[in-house]
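Sharing a sequence plus its predicted fold:
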Amino acid sequence: MNPALPPFSKPMRILVILFFSVWFFGQVLLEKLLGISLTPFLALTPSDIIFDGFLWQFLTYMFLHSLDVTHILFNLLMLWFLGADLEKTWGSRYFIYYFFLSGIGASILYTLSVTLWFRLTGDAEPLGIPVVGASGGVFGLLVAYGILYSERVIHFMMIFPMKAKYFVLILAGVELLTMLTHGINGGGVANLAHLGGALSGFLILLITTYLKKKKPNGSIKKPASSKLKIVVNNEKPNHPPKYWN
């Protein structure tokens, strides 16, 4: 029997349509076909933030993706599959806040890290490489999912059953090993931003828990049971000379 699809709420539909619209109308039509450049102004480029003050890039990079459709498709599916239960547990407002704040935190930690790397090694290349994608926020959702539904069994690649907490740990380990083997400025995927999103999400949950303890009447609902199964494709497609996130 096929597993039931997760609920697709109105706020979730708005998010998915918004991300897809920016990708299709902004990047595919305006940028690719008409030559109207968006990426240099909206993608996360640490040198632009540090030297030119393009602070909006901490947020806008999340709305851009590679022109390879698998990149945005993967991110939107993960946003939906992971976010559906989290939105049901938290409510739409906190879910959206958490997702975007995880993505912003990922971009801040990434920028600080590559700046420190430059200071220590003199390697300035990562400072000038644009980073695009919503995966920083998605990795924040992964951490929250692994904590709130730690004992829930999910199916990796529809084959391997494992508890959510182990799935998240394995995925974080893969990101760390990939970054260590390919280097901070190699591999075409911004693994450092992924890890930054995971760390940001964890810190947000810690702060939220602390604040809730100080306000006993605060209400974040207990996790509801679900039969959600996650299917993840970890294959890395060919990439352009910029980081996918």
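Alright, I've got the coordinates.

Select the longest helix from the chain.
Across the chain, the helix with the greatest residue count (assigned by DSSP state H) is helix 92-121.

Show me what counts as buried in that one.
92, 95-96, 98-111, 113-115, 117-118 (16 or more other C-beta atoms under 10 Å). (Each C-beta comes from the backbone N, C-alpha and C, glycine too.)

and if you look at stretch 64-78?
Applying a neighbour-count criterion of 16+ other C-beta under 10 Å, one finds 64-66, 71-72, 74-78 buried in stretch 64-78.

how about that stretch as CSV, C-alpha atoms only?
Only the C-alpha atoms of stretch 64-78 are listed here, as CSV (Å, rounded to 0.1, in the frame of the first residue of the first chain):
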residue,chain,number,x,y,z
LEU,A,64,17.5,31.3,-6.4
HIS,A,65,18.4,27.8,-7.6
SER,A,66,20.5,26.1,-10.2
LEU,A,67,18.9,25.9,-13.6
ASP,A,68,19.0,22.2,-13.3
VAL,A,69,15.4,21.4,-12.4
THR,A,70,16.5,18.6,-10.0
HIS,A,71,17.9,21.2,-7.6
ILE,A,72,14.8,23.1,-7.0
LEU,A,73,12.6,20.0,-7.3
PHE,A,74,14.6,18.3,-4.5
ASN,A,75,14.5,21.4,-2.2
LEU,A,76,10.7,21.9,-2.7
LEU,A,77,9.9,18.3,-2.1
MET,A,78,12.0,18.3,1.1
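
For it, what does the pLDDT average out to?
In this model, stretch 64-78 has a mean pLDDT of 91.

Equivalent analysis for stretch 12-27, please.
In this model, stretch 12-27 has a mean pLDDT of 94.

what's that stretch in contact with?
The contact list for stretch 12-27 (C-beta atoms under 8 Å, 6 or more residues apart in numbering) reads 38-39, 63-65, 67, 72, 75-76, 79-80, 83-84, 87, 96, 99, 134.

6 Å instead?
38, 63, 65, 72, 76 (C-beta atoms under 6 Å, 6 or more residues apart in numbering).

contacting residues for the first one?
Okay, so that is residue 38. Under the criterion of C-beta under 6 Å, 6+ apart, the neighbours of residue 38 are 26, 31.

can you do 10 Å?
By C-beta atoms under 10 Å, 6 or more residues apart in numbering, the contact set of residue 38 is 22, 26-27, 30-31, 60, 63-64.

between the buried residues of stretch 64-78, which is closest to residue 154?
Nearest to residue 154 among the buried residues of stretch 64-78, counting by C-beta to C-beta, is residue 78 at 12.2 Å.

In which helix or strand does that closest one reside?
Using DSSP states H and E, residue 78 sits within helix 69-90.

to the chain's geometric centre, what's the distance from that helix?
Distance, stretch centre to chain centre, for helix 69-90: 10 Å (C-alpha atoms, centre = their mean, to the nearest Å).

for that helix, packing partners?
Using 3 or more C-beta pairs under 10 Å, 6 or more residues apart in numbering; DSSP states H and E as the contact test, the elements touching helix 69-90 are helix 10-21, helix 92-121, helix 135-148, strand 243-244.

quick one, that helix and helix 92-121 angle?
Angle of helix 69-90 versus helix 92-121, following axes from the mean of the first three to the mean of the last three C-alpha atoms, to 10 degrees, is 130 degrees.

can you pull the contacts of residue 67?
Taking C-beta under 10 Å, 6+ apart as the test, what residue 67 contacts is 23, 27-28, 31-32, 240.
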